[in-house]
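> Compute the structure for the input listed below.
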Amino acid sequence: MGCPELPLVVAEEDVTFAPGFNRQVSSAYKSALTLAGSEPFVLNLYRPSPVEQLDIVMQRLRDIQNRSGLFEDSWESLPKEIPLASAFEGPAAWVFGAQGMMFSPFMTQALMLHFHQVQTGQRPVPGYQDIIILNLVHYRAHCYGLVPVAGNTTAQPCHVMSVKKSLIQHTGTASALFGNKSTRFHVAEDFPVVHKFAIEDPEGTW
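Model prediction:
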């Protein structure tokens, strides 16, 4: 249709987006293009905290926000000028947390191939679902980020990046990664505003 190829942004359903998300994600995209040029890239829009018990994660998050001057009304009292998002090379604590991702067109094709192969039983799914990104880079796109794929030094380069500040906040109350009754959790500790979590509502609210 004459339209240029655009990146694909994928977010999990238990998330909220930073103020001015469209403008911010556009800025992050331009920053990623500056770093990657014409080469494929994956950009993480979420920087997860360490995965610990829910009460520990929430207490640390609120302590960080209080020290930085973020309070409950931060959604209503946004600064007039919000710094635009930018990207840097290398994953940020990618052991867990793929709440929001941006894929360049080539990596989108690899992602589609991955899901097709998994659904048709052609390929196993190695490791946890939340760390499939590096598997995607290595086993589906056959490219490399900071180091070449083992035994394949001729693979085309691709870039694994992260935003410098999270544009997405994880809003669930537990990570399904650890089972239905898990109390382990992760959040973005650098999300620019305070988000109220259901777990903090008074007992009996729900």
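
> Secondary structure element holding the residue nearest to Asn44 when sequence neighbours are not counted?
Nearest residue to Asn44, sequence neighbours excluded (C-beta to C-beta, 6 or more residues apart in numbering): Ser162, at 4.4 Å. The C-beta positions use only the backbone N, C-alpha and C, and glycine is treated the same way. According to DSSP states H and E, Ser162 maps onto strand 159-163.

> Mind giving me the packing neighbours of that strand?
helix 21-36, strand 41-44, strand 87-89 (3 or more C-beta pairs under 8 Å, 6 or more residues apart in numbering; DSSP states H and E).

> one step back: could you tell me how many residues sit around the residue nearest to Asn44?
Neighbours of Ser162 under the rule other C-beta atoms under 10 Å: 22.

> Could you do Lys164 as well?
Neighbours of Lys164 (other C-beta under 10 Å): 15.

> Just want to check the distance between it and Phe21.
Distance of Lys164 to Phe21, given as C-beta to C-beta, to the nearest Å: 16 Å.

> same thing with Leu113?
28 Å.

> ditto for Phe106
24 Å.

> Show the residue spans covered by the helices in this protein.
With DSSP state H applied, the chain shows helices at 21-36, 54-67, 105-119, 132-135, listed in chain order.

> In terms of mean pLDDT, which of the ones you listed ranks lowest?
Set side by side, the helices of the chain give their lowest mean pLDDT on helix 132-135, at a mean of 65.
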